[in-house]
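Novice: Provided below are the primary sequence and the corresponding predicted coordinates.
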Amino acid sequence: MVCGGFICTKNALCALNITYVLVSLMLIGVAAWGKWFGLVSSIRVVAGVIGVGIFLFLVAFVGLCGALKHHQVLLFFYMMILFIVFIVQFSVSCACLALNEDQQRHLLEVGWNKSEATQQDIEKTLNCCGFSSVNYNGSCAAQCFINPSPTCRTCSSIIQQYTREVLQFVGGLGLFFSFTEILGVWLAHRYRNIRDPRSNPGAFL
């Protein structure tokens, strides 16, 4: 059987979905580990990462079942879902790579103001206080604030030093996975239209 035939396409599709299953389990495990050891106190962040992991696991499970059984309906829905995910992920990845400094700062400030738990995590981890200004009459989880004469930097000044590198990394990683998703769509489409050589020659695919 030459590569590109029924068996080769089936194995490639199975391998791709097994990779997605492993990535989804890693996402769920890392989020649970971070929450368990107190690295991340925001339940929204943990729930969001776990939600993404569960969604990816379900999509990969549908694709894996469709590939193993050569199930036309499962493969069709797998193609549609994966294509929608590709469009969203490709758009977000391009946006991450195209953001300028002002847009980055605005998005960071919006995210900062949404969760006090996230603010405390950042202050404690980066040893900074406040987003754009330090309020020494307020409260702060950073070690520098506890000192007798606190001299803390603002968190925005520290975060923005790494924001561009993080966005480039996230955007590049997102682009890479988006191309694996379009590969999955192509493999599923090809696999649906290849007749199983072990089936009845008169049967529909």
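Specialist: Cool, got the structure. Residues are numbered from 1 along each chain as shown.

Novice: gap between the longest helix seen in the chain and the chain center?
Specialist: Longest helix in the chain, counting residues (DSSP state H): helix 155-192. Here helix 155-192 shows a centroid-to-chain-centroid distance of 8 Å under the convention Cα atoms, centre = their mean, to the nearest Å.

Novice: name the helices or strands packed onto it?
Specialist: Secondary-structure packing of helix 155-192 (3 or more Cβ pairs under 8 Å, 6 or more residues apart in numbering; DSSP states H and E): helix 6-36, helix 43-69, helix 72-98, helix 101-114, helix 116-126. For glycine as for every other residue, the C-beta is placed from the backbone atoms N, C-alpha and C.

Novice: Could you pull up the mean pLDDT of the second one?
Specialist: I take that to be helix 43-69. Per-residue pLDDT over helix 43-69 has a mean of 85.

Novice: who are the neighbours of that helix, in terms of helices and strands?
Specialist: helix 6-36, helix 72-98, helix 116-126, helix 155-192.

Novice: Select, out of those helices, the one closest to Leu108.
Specialist: Among these, helix 155-192 comes nearest to Leu108, with 6.0 Å by Cβ to Cβ.

Novice: between the closest one and helix 116-126, what angle do the directions make?
Specialist: Here the directions of helix 155-192 and helix 116-126 differ by 110 degrees (axes from the mean of the first three to the mean of the last three Cα atoms, to 10 degrees).

Novice: buried set for helix 155-192?
Specialist: Judged by neighbour count (16 or more other Cβ atoms under 10 Å), helix 155-192 contains these buried residues: 155-156, 159, 163, 167, 171, 174-175, 177-178, 181, 184-185, 187-188, 191-192.

Novice: and it, what's its mean pLDDT?
Specialist: Here helix 155-192 scores 84 as its mean pLDDT.

Novice: Check stretch 126-145 too.
Specialist: Averaging pLDDT along stretch 126-145 gives 79.

Novice: How far away from the center of its chain is that stretch?
Specialist: Chain-centre distance of stretch 126-145: 30 Å, with Cα atoms, centre = their mean.
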